[in-house]
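> Give me a 3D structure for the following:
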Amino acid sequence: MIDGNVNEFVDNLYYGSEMYFVFKGIKYFIQGWCKNGIHHLVLDYDYEGIAVDLDDLKAFKYIWEYSSVDSSECVKAFLDATLWDGKTFYEVEKEITWTEP
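Sure, this is the predicted structure:
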């Protein structure tokens, strides 16, 4: 991971920390929360500076989301998802830049 420690990044996923990162020139935002005993982890684009059609409901759907009673299951699902050109997070983490908002 560029400009950050990959282990720290993954540890933050368990706590639902809001984090921004860039992969192949696209800035992403990931965050999590727990509500009513269910953990949620969601991935989205960083929409700041991007024109979004407020009438297009598809514009407000997450790229990826996962919910479980176990936060570890959410993190594992994210790490195993083939979201990055058909690859998993760990297969591309050396190409990811951890950045500020």
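> ok, which stretches of the chain are strands?
19-23, 26-35, 38-45, 64-68, 96-99 (DSSP state E).
> Go through the second one and flag the buried ones.
Meaning strand 26-35. 27, 28, 29, 30, 31, 32 (16 or more other CB atoms under 10 Å). Using the backbone N, CA and C atoms, a C-beta is placed for each residue, glycine as well.
> Can you read off the pLDDT for the closest residue to residue 100 other than its chain neighbours?
Excluding the flanking residues, the one nearest residue 100 by CB to CB, 6 or more residues apart in numbering is residue 20, at 6.4 Å. For residue 20, the pLDDT comes out at 96.
> doesn't residue 45 make contact with residue 20?
No - counting by CB atoms under 8 Å, residue 20 stays clear of residue 45, with 10.4 Å between them.
> Name the residues contacting each of the two.
27, 28, 29 (CB atoms under 8 Å, 6 or more residues apart in numbering).
> Number of residues surrounding the residue nearest to residue 90 when sequence neighbours are not counted?
The shortest distance from residue 90 to any non-neighbouring residue, by CB to CB, 6+ apart, is to residue 79 (6.4 Å). When neighbours are counted by other CB atoms under 10 Å, residue 79 registers 13.
> again, but for residue 21
Counted with other CB under 10 Å, the neighbours of residue 21 add up to 21.
> And for residue 69?
Residue 69: 11 neighbours (other CB under 10 Å).
> for it, what are its contacts?
Residue 69 is in contact with 37, 38, 39, counting by CB under 8 Å, 6+ apart.
> Can you tell me how far the first one is from residue 11?
Counting by CB to CB, to the nearest Å, the gap between residue 37 and residue 11 amounts to 22 Å.
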